[in-house]
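> prediction below, plus the sequence it came from.
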Amino acid sequence: MEHKLIFKDYNEALKQNRLLGLKCRACGAITVPPKMVCRQCTDSELDVIELKGSGKIRTFTTVNVASEGLEDAVPYTIVMVELDEGPWIMGNLEGIDPQNTSMELIGKKVEMGNKIFSGDKYSAGEGARPLFRPVD
Amino acid sequence: MKKVAVVGVAQTKFSGPQEKTGVELFAEAATEAIELSNLKPKDIKALFVGNALGDFEEGQGMIQSYAAENIGCLYIPANRYEGACASASMAVRDAFMWVASGFYDIVLAGGVERAATMGTGLATRTFAMFSDARYEYPSGITFPAVFAMLTHLYADTYKIPLQKLREQMARVTIQSYRHGSINPKGQFYGKNADMTVEKVLGSFVVSTPLTLHDCCPFSDGAAAVVLASEEAAKKLTDRPVYITGIGQASCGTLSNQSDHLPRIRAREISSQQAYDMAGVKPQDIDLCELHDCFSIASLIATESLGFFDYGKSGEAWEKGEADIGGKIAVNPSGGLKSKGHPIGATGAGQVYEVVNQLRGEVEPERQVPDARTGMTDTLGGDGGALVNMILERGW
């Protein structure tokens, strides 16, 4: 069976600030990032859709100890965002002071851009991730 | 299906960087477990070894074959298990399956890791390989960051003020340190017994809100267990410990677990399998060696395992209900946070502790009185691999 949407195409779209997902014909659930089957009902009849890229922060952390290769990036803030369409997605947060984050971030509305991780010797190339910023 | 007993267990000291190789560490634990089982290497029919990151630690893949040869278990089938921090529990579970099936009567299982030897930068990078490499690593995810996010989510979900939750988490650390400080096989043996809430909260912040003392250390070490069929076990020991329940479950990308977080659904499924198979309930468990890679992980685990209500486990720690003498003795070994966490060996180290507790053979100050039924809980990745085992006295 062929994937409806693979990492390469998802990643290329994300680099253009377009968040692609999959909508299930059987149950209507949306799967993002893409998989072979619906994350809820495991049906494989899926259509590629574009999501709005907006949502609200459900949780966060500011990282002070990073992996080898990312030491210079600290401190940086990671968020899990509940998208308006339902699924959660991981990304980074900008437009805030990473050293002054608090529980008040939870529930804040955000919109999505992207930032590219240029890759390291283990990563089989680059990968974009959502870069969120608070909506005023 | 045959009854399966643990007949012998052994563990190296869990520690910071070791000078011994991975093969040497595993061999020390393995040969001790074989000797304590009144067996010889030639009696072992198969070897199952957890080892998550040997490729990065010392450039050694396929460590199981070198380990088998090293200890004189020549030409036996040897398998390696990689399930991140649950690797050894997967190895023990599969060893159980082979003995239960009747295919082998005596099998050696365990694990080894030299995570500390890698140093913080490479260890943090390689541990992050257990997160989704394509869709989540680009955000700079680390393991402390996963559990840091679960901490904030836990506080929001159960409406616990973050400061109060952090104080409850510090209680987890203090208890772990206290038990581990009197465990000679533990990484923090003789250390940290005088930890306070203030010291935990005031230590270096690794990933908000988790401080250094909320996190387990990187560790080197190995552990091994010998499993035997009931007939074989009766000839080897008068104190067999039976594995009466096992469970294992998997799941995917952290963000795809959103219907359940901060609960770990794979743990609920895995532990229920183990309870059903053993025919026991959470209240029947005397002690549990559970996966406290971070202080918040203990709170999350005890709830999914059915020991405490959701959102209430922090209060349980405050009241001493998770301590020896409480409702359930959690991590009398000191757990990952104090005994140490050589990830590929951790699950076998948990079995080692539970068997010694059921046999009444640990230091008196951390012995769970009249322990008859114990449980292990091992989590790999961000919930991607979960294994639970229930062990009971066989005499």
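Okay, I see it.

> so A:Asp120 sits in a strand?
No: read with DSSP: H, G, I helix; E, B strand; the rest coil, A:Asp120 is coil and lies in no strand.

> what's the neighbour count on it?
Around A:Asp120 sit 15 other residues, with neighbours defined as other Cβ atoms under 10 Å in any protein chain shown. No exception for glycine: its C-beta is placed from N, CA and C like everyone else's.

> nearest spatial neighbour of it, skipping sequence neighbours?
Computed as Cβ to Cβ, 6 or more residues apart in numbering or on different chains, the closest residue to A:Asp120 that is not its neighbour in sequence is A:Gly69, at 4.6 Å.

> and B:Glu321, by the same measure?
Leaving aside its chain neighbours, B:Glu321 sits nearest to B:Lys327 (4.5 Å; criterion: Cβ to Cβ, 6+ apart).

> please apply the same query to B:Val351.
B:Val225 (5.2 Å).

> could you give the bridge partners of that neighbour?
Beta bridges link B:Val225 to B:Val9, B:Ala109 when assigned by DSSP bridges.

> show me what contacts it?
Each residue near B:Val225 by Cβ atoms under 8 Å, 6 or more residues apart in numbering or on different chains is listed here: B:6, B:8-10, B:33, B:92, B:95, B:108-110, B:348, B:351-352, B:355.

> distance of B:Glu69 from chain A?
Separation of B:Glu69 from chain A (Cβ to the nearest Cβ, to the nearest Å): 29 Å.

> just the C-alphas of the helix or strand harbouring A:Ala128, formatted as CSV.
Using DSSP states H and E, A:Ala128 maps to strand A:127-134. In CSV, the C-alpha atoms belonging to strand A:127-134 read as follows (Å, rounded to 0.1, in the frame of the first residue of the first chain):
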residue,chain,number,x,y,z
GLY,A,127,13.6,18.4,9.1
ALA,A,128,11.3,21.4,9.6
ARG,A,129,9.2,21.8,12.7
PRO,A,130,6.4,24.1,13.5
LEU,A,131,7.5,27.3,15.1
PHE,A,132,4.6,28.9,16.9
ARG,A,133,4.1,32.4,18.1
PRO,A,134,1.4,33.8,20.4
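
> so which bits of it are buried?
A:Gly127, A:Ala128, A:Arg129, A:Pro130, A:Leu131, A:Phe132 (16 or more other Cβ atoms under 10 Å in any protein chain shown).

> adding distance to chain B and pLDDT, write the residues you listed out as CSV.
Shown next, in CSV, are those (distance: Cβ to the nearest Cβ, whole Å; pLDDT from 0 to 100):
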residue, distance to chain B, pLDDT
A:Gly127, 4, 97
A:Ala128, 7, 98
A:Arg129, 4, 98
A:Pro130, 8, 98
A:Leu131, 9, 98
A:Phe132, 10, 98
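
> phi, psi of the residue in the stretch 251-395 of chain B that chain A sits nearest to?
Taking Cβ to the nearest Cβ as the measure, the stretch 251-395 of chain B has B:Ser258 as its residue closest to chain A, at 3.9 Å. The phi and psi torsions at B:Ser258 (degrees, to the nearest 10) take the values phi -60, psi -20.

> before we move on, what about the one 3 residues further on?
Dihedral angles phi and psi of B:Leu261 (degrees, to the nearest 10) take the values phi -50, psi 140.

> circling back to that earlier point, give the ChimeraX command for selecting the buried subset of the contacts of B:Val225.
In ChimeraX, a selection of the buried entries from the contacts of B:Val225 looks like this (16+ other Cβ under 10 Å):
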select /B:6,8,9,10,33,92,95,108,109,110,348,351,352,355
